[in-house]
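Undergrad: Task: produce atomic coordinates for the following.
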Amino acid sequence: MSEFRYKAFISYSHRDEFWGRWLQSALEKYRVSRHLVGKEGEFGKIPARLSPVFRDREDLSTATNLTHSISQELSLAETMIVVCSPASAQSRWVNEEIRHFQSLGRGDRIYALIVDGEPGASDPAQDCFPVALVTQEDGSRGEPLAADVRKWADGKLLAKLKLISAILGIRLDDLRRRDMQRRHRLWMASSMTALLVAVVTTVLAIVAMNARNAAENRRDHAEDLVGYMVGDLHEKLATVGRLDILDSMGGQVTDYLETLDPGEVTDESLNQQAKVWRQLGEVSRDQGNFKEAMEAFTRSRDVLAELYRRQADNSDRLFELGQAEFWVGYINLDLGDLDAAERGFTHYMNISNQLLELEPGSAAFTMEVSYAMANMGWLERSREGADPEKILIFTESSLDFNRKAVMLDSANSNFREALLDSYANLADAHMGLCKLGPALLNRQRNVELAAEFFQASPGDSKLKDGLAYAKSGLGGVERQVGMIEQSLANLSESETILDELSRQDPSNQNYRYQKLMRTMRIASIYGNTGEQQRALGMMAGIAKPLSDMNLTGDYSGIIHAADYSEFLENYSELAHFMGDALLADVLLEAGLQHASRLVAENPDHVLSHSQLLQMAFQYWQQNGRLPGPEVMALLDTRQADQLSIKSCSDAVAAVKLALMTGDQERASEYTSYLLHEGYFEPRFVRLCERHDLCEQ
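TA: Residues are numbered from 1 along each chain as shown. Predicted coordinates for the structure are as follows:
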C-alpha cells in the first residue's frame, strides 16, 4: 500500500477559498481515461482517480506554528498544489506549508495554479508566487510549473489538465488527446443528452431541498454548475454543434440562479451569471433571435460593469467587461444601429488597449487588440460613404496584431484560427479598393488555413463552418474575376458543408440561412452564364424558406434584410428573362417596398442604399422607365458620392445609376475602371454587353 494518503495537498489563502474548493472538486471528480489507467507514469502506475485530495480548512490566524494535524496531512500527500494570487503570496501560512513540504524532500512535486496577479510583477503587491515557492536553495529565484486558470491564459479546462498531467507524470498532449476522445464519445451519444439534462435538474432539485447548510451549499453548487456550463460544457457543445442542448442547459441554470437569495450571491456568482447571460446571447444570435440576444448581452454587460465598479483594480473584471462591450456592439451591428455599435466597439477597443498597456507582452491581450481593430474595420465598412483606406489600415493592423499573438503563443489554437478572419477581412478591405489580385491571394490563404485546421480536427463543427465560409469567400472573389468554374466549385462545397451542419444542429438558424444564401449565389451565376432554367428552379426552391425567415420578426438583422432584397432582385430578373412577366412584376414590387423600407429604417447603412439602387435599376431595365419619385428621392444621396468611388461594388452601382439617368459617358468611365482592374463578374459582363459598354 502506498505511504501516501492523498494524491495532492491544496494550499491557499482563505481569500482564495473559492478556487481551493473548485480545484479539489475538479481533481477528485476527474476520471483518468481507461486507456491510460495502469500504465507507467513518471511516478508509478497511473490510477483511475485522483482522490482523495486534501484541502486545508483550518483557520491558522491565531496560531504561531503549523498545527500538528496540518503537518501530518502534508506528510501524507504525494504532491502539493499552491493556489497562487497576491493574497497567497503574502500569506505566512501558505509559505510555511510550502517550506514544510519542501523539507520532506518533495520540493519537485509542488505545482502552481495562478488565479490572480502576475508572476514576478514589478509591483510586489501584485506578485502571485509565494516567496517559498520561487526561492531556490542558492537563494536565486526559480519559476515553478504553473497552470493559469484565467480565461485569456489556459482557462479552467486546460489548467486542470496541466495539473493532472503533472500529478500523474504523463505528457500533457497524451492526456489532452485521451480526454478529448473520451469527451467526444460521451457527448456524441444522443442518449447522454437526456441523461445530462436529467442529472443537472436532479442536482438542482436536491440542492434546493437541502435544508442543512442551505446558503453555502446552494452557492457552491450554483458556482460549480455554472462554471461547468460556461467552461467544459460550452466548449464541447460548441465543438459538436448543439445549440439546443446549450440553450436548455442555460435556461435551467439561469432559472436556478435567479432563485438564490441576494445574500447568498458572491461576486464570483455574479461573474458566472454574467457569463451565462453572454452564452445565452450567443445561442440566441445563432438561433436567429436577435431581440433575445440583445437582452441577454445587455444583462451580461450591466452585471459586469457593476462588478468592475466594485473592483476597478481587478484585470479579470476589466477583461470580462471588455468581452461584454464587444457583444453589445456586435449585436447592434447585426441590427444596423451603427452608432450603438460604435459605442460598444470603442469601449471594447479602449479596454483592450488598457489591458495590453498593463501587460505589454501578453499574447492574449495582443489578440484582443487584433479583434478590436477588426471590429472597427467592419463598422467602417458598414457606413454609407465609408473610407476604404481607413478600412484597410484597420484590417492590416488587425492582422499584424494577430500574427504577434501567434508569435507570442504559438501553441494557442484560437489565435492561429483567428488568422482565418484576419485574412478574410484583409481580402474584403482590398475589395473596397477594387484590388482583386491581393483580395484573391488573401482569400486563397484563408482557405489553405481553414483546410489545414479542419483536417487536424475533422469533428470540430467550428472549424467545419470556418472551412465553409472560407470556401464561400474565395468563391465570391473568383466570381468577380471571372473564374466561374472555380467559383461554382467552392460555393457548392460551402453549400454542402453548411447543409451538413444545419442537419447536425437543426436549432441553428444561421447555418440554415447561410446555406440558402449560397444556393442563391450559385443560382445567380447559372442565371448569368446561360443556364437560366436551372437557376430559376433553384430560386423557386429557396423562396419560401427565405421568405419565412425574413418575415419572422426576431430574425431581422440588417444583413439578412439586405440579402433578402438581393434575392428578390435576382429572382425577378430571372423570371423576366424566362418570360414570366407576372411573377417578375410581383417580385419587383415586393423588392422595391422592402428596399425602400430598409433605407428608411437604416439611413446610414451602406447595404440599405446599395440594395435600393439594385432594385431601382432592375425596375428600369424591366419597365424602360424610372421608378416613382419617392424611390428616386432616396437615391439622390448616392449621386454626390460618385467621384470618390473606389470599390468594385460601388463602381458597378455608379454604372447603373449613370445608365438610369442617361449619362452614358459616366457609365463608360466606370466600366473602363472596372475592366482595367480585372472585374469580370458574369452579371456585370451581361450588363456591359446589353448596353454596349464593354468595347469602350
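
Undergrad: For the stretch 201-350 of the chain, which residues score under the pLDDT cut-off?
TA: Counting by pLDDT under 70, the ranges of the stretch 201-350 of the chain that qualify are 201-265.

Undergrad: cutoff 80 now
TA: 201-270, 272-273, 286-290 (pLDDT under 80).

Undergrad: Show me where it has its helices.
TA: 214-228, 234-240, 243-257, 267-286, 290-310, 315-335, 338-358 (DSSP state H, counting those that start in this stretch).

Undergrad: What angle do helix 315-335 and the fourth one make with each other?
TA: Our comparison of helix 267-286 with helix 315-335, counting by axes from the mean of the first three to the mean of the last three Cα atoms, to 10 degrees, yields an angle of 20 degrees.

Undergrad: Give the buried residues for helix 267-286.
TA: By neighbour count with 16 or more other Cβ atoms under 10 Å, helix 267-286 contains the buried residues 268-286. From N, CA and C alone the C-beta is placed, and that goes for glycine too.

Undergrad: Stretch 439-458 now?
TA: Buried positions in stretch 439-458, judged by neighbour count with 16+ other Cβ under 10 Å: 439-447, 449-450, 453-454.

Undergrad: Show me these that map onto helices.
TA: Taking DSSP state H, the ones among the buried residues of stretch 439-458 that sit in helices are 439-447, 449-450, 453-454.

Undergrad: want to throw those into CSV with pLDDT and distance to residue 313?
TA: Conversion of these to CSV gives the following (pLDDT from 0 to 100; distance: Cβ to Cβ, whole Å):
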residue, pLDDT, distance to residue 313
439, 96, 45
440, 97, 48
441, 97, 46
442, 96, 41
443, 97, 44
444, 97, 46
445, 96, 42
446, 96, 40
447, 97, 45
449, 95, 39
450, 95, 40
453, 93, 38
454, 93, 42
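
Undergrad: just curious, which of those residues is nearest to residue 311?
TA: residue 453 (36.8 Å; Cβ to Cβ).

Undergrad: Tell me the spacing between the closest one and residue 417.
TA: Remark: distance between residue 453 and residue 417 (Cβ to Cβ, to the nearest Å) = 6 Å.

Undergrad: what is in contact with these two at once?
TA: When contacts are counted by Cβ atoms under 8 Å, 6 or more residues apart in numbering, residue 453 and residue 417 have 463, 466 as shared neighbours.

Undergrad: quick one: contacts for residue 373?
TA: By Cβ under 8 Å, 6+ apart, the neighbours of residue 373 are 349, 394-395, 397-398, 401.

Undergrad: can we see that at 10 Å?
TA: For residue 373, the contact set (Cβ atoms under 10 Å, 6 or more residues apart in numbering) comprises 349, 352, 393-402, 422, 425.

Undergrad: Okay, it and residue 447: tell me how far apart.
TA: 23 Å.

Undergrad: that older thread, Throw the contacts of residue 373 into CSV and include distance to residue 316, secondary structure and neighbour count, thanks.
TA: Converted to CSV, the contacts of residue 373 look like this (distance: Cβ to Cβ, whole Å; DSSP: H, G, I helix; E, B strand; the rest coil; neighbours: other Cβ atoms under 10 Å):
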residue, distance to residue 316, secondary structure, neighbour count
349, 19, helix, 21
352, 15, helix, 27
393, 31, helix, 16
394, 28, helix, 22
395, 30, helix, 29
396, 31, helix, 16
397, 26, helix, 17
398, 24, helix, 26
399, 28, helix, 22
400, 27, helix, 15
401, 22, helix, 24
402, 23, helix, 26
422, 26, helix, 25
425, 29, helix, 26
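
Undergrad: How many residues are close by residue 628?
TA: By other Cβ atoms under 10 Å, 12 other residues sit near residue 628.

Undergrad: one step back: could you dump the contacts of residue 373 to CSV with distance to residue 505?
TA: Output for the contacts of residue 373, formatted as CSV (distance: Cβ to Cβ, whole Å):
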residue, distance to residue 505
349, 32
352, 31
393, 37
394, 32
395, 30
396, 35
397, 35
398, 29
399, 31
400, 35
401, 32
402, 28
422, 26
425, 26
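
Undergrad: Just want to check the distance between the residue nearest the centre of the chain and residue 289.
TA: Nearest to the geometric centre of the chain sits residue 282, at 8.5 Å (Cα atoms, centre = their mean). Distance from residue 282 to residue 289, counting by Cβ to Cβ: 11 Å.

Undergrad: got any residues that touch both of the two?
TA: residue 296.

Undergrad: And the pLDDT for the residue nearest to residue 316 when sequence neighbours are not counted?
TA: Nearest non-adjacent residue to residue 316, counting by Cβ to Cβ, 6 or more residues apart in numbering: residue 150, 6.1 Å away. On pLDDT, residue 150 comes in at 84.

Undergrad: Then residue 384?
TA: With respect to pLDDT, residue 384 has a value of 78.

Undergrad: tally of neighbours for the spatially closest residue to it that is not a sequence neighbour?
TA: Nearest residue to residue 384, sequence neighbours excluded (Cβ to Cβ, 6+ apart): residue 606, at 4.8 Å. The local packing of residue 606 (other Cβ under 10 Å) involves 21 other residues.

Undergrad: Same question for residue 685.
TA: By the criterion of other Cβ under 10 Å, residue 685 has 17 neighbours.

Undergrad: Does it touch residue 691 like I think?
TA: No. When contacts are counted by Cβ atoms under 10 Å, residue 685 is not listed as touching residue 691 (11.4 Å).

Undergrad: distance of the nearest residue to residue 550 once chain neighbours are set aside from residue 491?
TA: Nearest residue to residue 550, sequence neighbours excluded (Cβ to Cβ, 6+ apart): residue 564, at 4.4 Å. For residue 564, the distance to residue 491 (Cβ to Cβ) stands at 19 Å.
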